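1. Return a 3D structure for these sequence lines:
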Amino acid sequence: MRFRSYHTDDLEEMFLLDEACFEAPFRFSKAMMRRFAEARKARVVIAEKSGLAGFCIVHVERVDDGRMGYVVTLDVAERCRRKGLAAELMRRVEAEAREAGCCAMVLHVFVGNDAAIQFYERSGYERQEKAEGFYGQGGDAWVYRKTLSERTAVSGSE
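-> Coordinates of the predicted model:
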């Protein structure tokens, strides 16, 4: 597995992977994906193995007490699931967020996405509150948060 940062020519593959991973209203349009990936505050980690295996987009947001990382999306190709790739992508973006001065990571997850909820909880994220209608009418989300410490490190496995 090879990990690297985003290049503009990744957009089409990222968009197609997002369509494969999520149903509406959880997926992004190509224009939205471009805005999220190419924003000045974006940190993007791409995983490649015989093509795009997965990616994670995080935005470094200014908050009252400093900076926080916000997980915009985490996408892993079906062929690469249940092999630790999502966890490795999260470790890498958490490390990038910490290096950018973030004290914590925050994300939203659909209340009905049990697999994602279990993954984030195993990854050290704690449920904070419910965001009603975050994904539109009837699309509530849980807000999760994880405090970043100096010990949040990038794994050496590739």
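2. Packing partners of the strand or helix carrying residue 143?
-> Residue 143 is located in strand 141-147, with elements delineated by DSSP states H and E. Packed against strand 141-147, as judged by 3 or more C-beta pairs under 8 Å, 6 or more residues apart in numbering; DSSP states H and E, are the following elements: strand 102-110, helix 114-122, strand 126-131. In short, each C-beta sits where N, CA and C put it, glycine included.
3. Among the ones you listed, which comes closest to residue 53?
-> Across these, residue 53 has its closest neighbour in helix 114-122 (16.5 Å, C-beta to C-beta).
4. Please name every helix or strand in contact with that closest one.
-> Helices and strands touching helix 114-122, by 3+ C-beta pairs under 8 Å, 6+ apart, are strand 102-110, strand 141-147.
5. hang on, the earlier thing: so the strand holding residue 143 versus strand 126-131, what angle?
-> 150 degrees (axes from the mean of the first three to the mean of the last three C-alpha atoms, to 10 degrees).
6. before we move on, back to that, among the helices and strands packed on strand 141-147, which is the most enclosed?
-> strand 102-110 (a mean of 20; mean count of other C-beta atoms under 10 Å).
7. all helices of the protein, in order?
-> With DSSP state H, the ranges of helices along the chain come out as 11-21, 30-38, 85-99, 114-122.
8. Would you pull up how far the third one lies from the middle of the chain?
-> Using C-alpha atoms, centre = their mean, to the nearest Å, the distance from the centre of helix 85-99 to the centre of the chain it belongs to is 9 Å.
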